[in-house]
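Q: next one to model:
(one chain, ligands or ions: 1)
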Amino acid sequence: MIQSIIKSSGMFVPPNLVTNHDLEKILDTSDEWIKQRTGIEQRFWIDPEEGVTGSSDLGFEASKTALKTAGWKAEDLDFIIFATLSPDIMFPGSGCLLQAKLGLNSTPALDIRQQCTGFLYGLATADAYIKTGLASKILFVGAEVHSTGMDKSTRGRDITVIFGDGAGALCIEGIETNDKAGVLASSLHADGNLADALMTELPASNLPVRLPPDVSLDDPRYFPVMDGSAIFKKAVRMLPQVINESLEKAQLDLDEIDLIIPHQANMRINQALGKFLKIDENKIFHNIQKYGNTTAASIPIALHEAMEQGRIGKSGDIVLFAGLGAGLTWGSVIYKFL
Ligand code: UT7
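A: Just a heads-up that it's a prediction; the model follows:
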């Protein structure tokens, strides 16, 4: 049977390091508050002084590493999937822009707009394309540029201290094998009734004029707004449920999972998840302290680092991915290395 196998990974963050102390200088916050409430110590933001860099540029850098490690040329790809909530422009999608940067001109490119679960929806989509024979060599990228779209005044401090820029990329190949390997199970969910718990409203196609002339550019609707505590509570409740659902689908017990790589939204969410599941805390991977929440990039960056550190990646290792975010959307995917 054909299985979806991760051949390689890559990651990229822009060089401009922004510490919590740097943020103390621009808005009313403190290193202590940020560390205590989120676990974040620093993040990387693109430097507007050096020219604005879009999500596809960050994704391009991560893709170069993934392609080189896989030993693939861009021409070998038969599909590109790009997950982002911060596309370079309103349309066309960043997948098309990345495709052109890779020197291609006919390879299909699909954008996924699922925010923090972009990786989970994207990996499940890549798996479906491979298993139905629609593609066999996929480049899958999660990339975000949050820093140019946040309210960097005290009004937006709950969001601004959390989000970072970055990109992760995977080369995924359809391989014929009798081994039980690759994507073993995917469980995806959404509840659009809670869309306003985390959203950016403007520009909006549901208005007579997308950029209303009477609305100041300082209007909060131009910036992401979040009901942080509602999302926190929802995450702590839904993540264990969806993890159990994917374990059941894969017919696995939790103790057969070698590493859980959750979305990096808040260290306390992931610690609460560990307590709820009653698992050894070393089995949950964290890197939010270094990068903040990079949304669609957070799980692929974490996977890349976990593989580089030798925490996961040997033949037979099983990793479980899980996350919840805007939409609301949530999900879990289980993957076994070949
Ligand atoms: O990845 C996408 C999905 N998003 C998430 O998963 C986020 C989930 N939520 C969270 O991570 C947390 O809710 C936050 C980190 C966003 C906020 O932490 P919290 O412990 O829920 O704080 P809170 O919103 O209840 O606010 C507590 C206080 C408030 O002050 P008062 O009203 O008690 O005086 C806030 O104004 O903390 C204040 N506050 C801040 N203080 C210093 C909010 N943001 C900041 C800040 N610095 N950056």
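
Q: and K7, what does it touch?
A: T69, A70, W72, L170, C171, I172, E173 (Cβ atoms under 8 Å, 6 or more residues apart in numbering). (Glycine included, C-beta is placed from N, CA and C.)

Q: quick one: the second one from S332, how far?
A: In this structure, A70 lies at 26 Å from S332, with Cβ to Cβ, to the nearest Å as the measure.

Q: which of these two has more neighbours?
A: Each of A70 and S332 has its neighbours counted (other Cβ atoms under 10 Å); S332 has more, 31 against 20.

Q: what lines up beside the helix or strand hosting that one in the sheet?
A: According to DSSP states H and E, S332 maps onto strand 329-336. Take DSSP bridges as the rule and strand 329-336 pairs in its sheet with strand 182-190 (antiparallel), strand 318-325 (antiparallel).

Q: from the contacts of K7, which is closest to the ligand?
A: L170 (20.1 Å; Cβ to the nearest ligand atom).

Q: count the neighbours of the residue of the stretch 201-338 of the chain found nearest the ligand for me.
A: At 2.7 Å from the ligand, G228 is the closest residue in the stretch 201-338 of the chain, using Cβ to the nearest ligand atom. For G228, the neighbour count with other Cβ under 10 Å is 17.

Q: also P92?
A: 14.

Q: how about the strands in the stretch 201-338 of the chain?
A: 225-226, 259-262, 318-325, 329-336 (DSSP state E, counting those that start in this stretch).

Q: should've said the stretch 1-150 of the chain
A: Under the criterion DSSP E, counting those that start in this stretch, the stretch 1-150 of the chain carries strands at the ranges 2-12, 17-19, 42-44, 79-83, 109-112, 137-144.

Q: can you tell me which of those strands is most buried?
A: strand 137-144 (a mean of 30; mean count of other Cβ atoms under 10 Å).

Q: pLDDT on that one, on average?
A: The average pLDDT within strand 137-144 is 98.

Q: the following helix or strand past it near the ligand at all?
A: Sequence-wise, the next helix or strand downstream of strand 137-144 (DSSP H and E) is helix 157-160. Yes: contact of helix 157-160 with the ligand (Cβ under 6 Å from any ligand atom) involves R157, D158.

Q: now do helix 157-160: which elements does it pack against?
A: strand 225-226 (3 or more Cβ pairs under 8 Å, 6 or more residues apart in numbering; DSSP states H and E).
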